[in-house]
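Visitor: The sequence and its predicted three-dimensional model are supplied below.
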Protein chains: 2
Amino acid sequence: MSAKDDIVTAAILVIGDEILSGRTKDKNIGYIADHCTAIGIQVKEVRVVPDEEPEIIAAINQMRARYTYVFTTGGIGPTHDDITADCVAKAFGVGIDHHPQVKQLLIDNFNRRGVEVTAARLRMARIPDGAELVENKVSVAPGFSVGNVIVMAGIPSVMQVMLDAVTPRLKTGKKMLSVTIELLRPEGEIAELFGQTQAEFPDVPMGSYPFNREARVFGTQLVLRSTDAERLAAAEARLRQRLREKGIEA
Amino acid sequence: MSAKDDIVTAAILVIGDEILSGRTKDKNIGYIADHCTAIGIQVKEVRVVPDEEPEIIAAINQMRARYTYVFTTGGIGPTHDDITADCVAKAFGVGIDHHPQVKQLLIDNFNRRGVEVTAARLRMARIPDGAELVENKVSVAPGFSVGNVIVMAGIPSVMQVMLDAVTPRLKTGKKMLSVTIELLRPEGEIAELFGQTQAEFPDVPMGSYPFNREARVFGTQLVLRSTDAERLAAAEARLRQRLREKGIEA
């Protein structure tokens, strides 16, 4: 495995008019980002697109060509505005039909609950040809993956169990490690030495994040990131030394 | 003004590694989406990209060609990882330098606070040539707009005052109106009649959103959207009639 192979990337594609209108506030992006970081997958891009076939297909095809994985959320329910499965099938140029195993899962579940089996309800059994299922421990109807695209529900509780279910099948890379140095100083005070330290360690991305407490800018968090623990430690030591030289406690 | 001119669209571009790593949870997308919906601008796409010049420039150029406005958040502070202003200048092919008015604003503010004027601190005065400033009532250093791209801070409290400051300059279109019908029924029960109603009113987008209360799927919100109040009312009446015919109270 080359160094390059150690990096596993992902994109998140959120599908839904309700996010773009502001009606629903997304809770999945941050959750998936945290999860990916924890298991050694680097999220490199996020998009939110409307419930429109050309937009969804274009985003899937652009992102699946660029990243190791694409995680989609939303648009896999039983109503007419749920078009994600059809869009994934079209993006991959494969057919889509009722998946026998999923259809049986749903029928068994409907029968157990005394719910009528209708064409609309069975829409959730429509799965692209060749897809692998992703178990849904919350509400039965599964997600699925086709190639490197993993299709999950939009409801956070359902998305989260699907993400857990698919995780053992994911290739993961070196974990991104990070250190955070919190200063009760404004960014402007450390910008120069921080930039000098970044120049010395171009392979360790360094970010500066001012933070608010009690509604005013109060301080700065400096975050250094690397998949290489030794480089990270060396960069941190250098930065702390520069801070000390400026008389800034960290 | 043709019907087409009545529609004003926007995209949101969130710039920052900290969102992609999960370290910071975005609070700006939902806020900008709500604001745009309220003033008659339709958000059609959102992207989150890392602090990498080629990614930022490509996203700006793709989005500014497609939508009436592009709102960016993040990357306009004083540290080396703040590269948004330079990327916007490159995307538009214009120069960038210290803006005399902004420089003076910052110097006056530093002097008032007894803060040393340094090159790093004056980085926040770097504004692309020909940009219009966007006032920052919270922390002085302004945002700006170049063409149809509006560049704002990432800190939510600062972004929000910048959005307020730029709003009077924005062209707005017909407001998207919506009605929500809440049912204590699962989606599967109304999917068929809901799809039929959508087919009768293809110009009134209709979405169905199951909701959780107490951690289980409990009901469904049906949302109908249109900029035309009469069509919206007609679609709503038809949907309510279909629900009544099925014995579903709404």
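Guide: Alright, I've got the coordinates.

Visitor: Centre-most residue in chain A?
Guide: Relative to the mean C-alpha position of chain A, the nearest C-alpha, by Cα atoms, centre = their mean, is the one of A:I32, at 3.8 Å.

Visitor: thinking A:M152 is in contact with A:D164, fair?
Guide: No. Using Cβ atoms under 8 Å as the test, A:M152 is too far from A:D164 to be in contact (10.6 Å). For every residue, glycine as well, the C-beta is placed using N, CA and C.

Visitor: more crowded one of these two?
Guide: Between A:M152 and A:D164, counted using other Cβ atoms under 10 Å in any protein chain shown, the more crowded position is A:M152 (28 against 13).

Visitor: Report the residue ranges of every domain in chain A.
Guide: Following automatic domain parsing, chain A resolves into domains at A:4-169, A:177-245.

Visitor: Any residue of the last one touching chain B?
Guide: When you say that, I think you mean domain A:177-245. Yes. Counting by Cβ under 8 Å from any Cβ of the partner chain, chain B has neighbours in domain A:177-245: A:178, A:186-192, A:194-195, A:198-199, A:205-210, A:212, A:215, A:217, A:223, A:225.

Visitor: List the buried residues of the longest helix anywhere in chain A.
Guide: The longest helix of chain A (DSSP state H) is helix A:229-245. Judged by neighbour count (16 or more other Cβ atoms under 10 Å in any protein chain shown), helix A:229-245 contains these buried residues: A:232, A:235-236, A:238-240, A:242-243.

Visitor: who does the host helix or strand of A:E18 touch, helix- and strand-wise?
Guide: A:E18 belongs to helix A:17-20 when assigned by DSSP states H and E. In terms of contacts (3 or more Cβ pairs under 8 Å, 6 or more residues apart in numbering or on different chains; DSSP states H and E), helix A:17-20 is packed against helix B:28-39, strand B:42-49, strand B:206-213.

Visitor: quick one, what contacts the closest residue to A:H35 other than its chain neighbours?
Guide: Nearest residue to A:H35 in three dimensions, chain neighbours excluded: A:L163, at 5.9 Å (Cβ to Cβ, 6 or more residues apart in numbering or on different chains). By Cβ atoms under 8 Å, 6 or more residues apart in numbering or on different chains, the contact set of A:L163 is A:31-32, A:35, A:71, A:152.

Visitor: what does A:F201 give?
Guide: If you count contacts by Cβ under 8 Å, 6+ apart, A:F201 has them with A:224, A:231, A:234-235, A:238.

Visitor: Doesn't A:V70 belong to a strand?
Guide: Yes. Under DSSP: H, G, I helix; E, B strand; the rest coil, A:V70 falls within a strand.

Visitor: And the pLDDT at it?
Guide: We have a pLDDT of 98 for A:V70.

Visitor: And for A:G30?
Guide: We have a pLDDT of 98 for A:G30.

Visitor: From B:V14, how far out is the nearest residue to it once chain neighbours are set aside?
Guide: Excluding the flanking residues, the one nearest A:G30 by Cβ to Cβ, 6+ apart is B:K25, at 4.1 Å. Distance, B:K25 to B:V14, using Cβ to Cβ, to the nearest Å: 11 Å.

Visitor: Those two: who's more crowded?
Guide: B:V14 (24 against 14).

Visitor: wait, is the more buried one part of a strand?
Guide: Yes. Counting by three-state DSSP, B:V14 is part of a strand.

Visitor: rewinding a little: what's the most buried one of the domains of chain A?
Guide: Neighbour counts (mean count of other Cβ atoms under 10 Å in any protein chain shown) averaged over each of those peak at domain A:4-169, with a mean of 20.

Visitor: Need the contact partners of the helix or strand bottoming out on mean pLDDT in chain A.
Guide: Least confident element among the helices and strands of chain A, by mean pLDDT, DSSP states H and E: strand A:216-226 (a mean of 82). With contact meaning Cβ under 8 Å, 6+ apart, strand A:216-226 is reached by A:176-187, A:190, A:194, A:201, A:203-213, A:232, A:235-236, A:239, B:17-18, B:21, B:23, B:139, B:155.

Visitor: ok, for A:F92, nearest residue in space, not its chain neighbours?
Guide: A:F92 sits nearest to A:V146 (Cβ to Cβ, 6+ apart), 5.3 Å away.

Visitor: Right, I'll call it a day here.
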